[in-house]
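In: Quick one, fold the following:
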Amino acid sequence: MIKVKFLTMLREIVGEAVIETEKKENIALLTQHLCQKYGKKFREAVLDEKGEIRNYVRFLINGKEALSPKTKINDGDTIVMFLPVAGGSNG
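Out: Presented below is the predicted three-dimensional model:
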């Protein structure tokens with residue numbers, strides 16, 4: 001089993017901050033699994049029109065950034081998945 005923590009907009013879409021799920025081989029397969037589980041809104045947030053992970057979606061595995069969809073996942077890992085929040089000045 002692995003833990004997946006959702007931050008920012010993904011937490012709102014999923015409706016939960018943390019889930020436990022069966023280990024998937026890598027980030028790409030985990031993302032596909034989550035898209036099937038959470039549906040169209042989640043899929044549109046994380047995948048582009050070609051079905052590839054959007055370049056701004058970020059994943060941390062045990063606190064280290066996963067830079068490739070092929071990054072391996074091990075049993076017991078904690079994955080944090082988020083979309084960076086764009087900011088601006090107020091004035």
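In: which element is Leu10 on?
Out: helix 8-14 (DSSP states H and E).
In: counting contacts, what elements does that helix pack onto?
Out: helix 27-46, strand 78-82 (3 or more Cβ pairs under 8 Å, 6 or more residues apart in numbering; DSSP states H and E). Where C-beta positions appear, they are placed from N, C-alpha and C, glycine not excepted.
In: Including distance to Arg54, mean neighbour count and mean pLDDT, could the ones you listed go into TSV?
Out: Shown next, in TSV, are those (distance: least, Cβ to Cβ, whole Å; neighbours: other Cβ atoms under 10 Å; pLDDT from 0 to 100):
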stretch	distance to Arg54	mean neighbour count	mean pLDDT
helix 27-46	6	17	97
strand 78-82	12	19	97
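In: right, so of these, which gets closest to Ile61?
Out: Ile61 sits nearest to strand 78-82 of all the helices and strands packed on helix 8-14, at 5.5 Å, using Cβ to Cβ.
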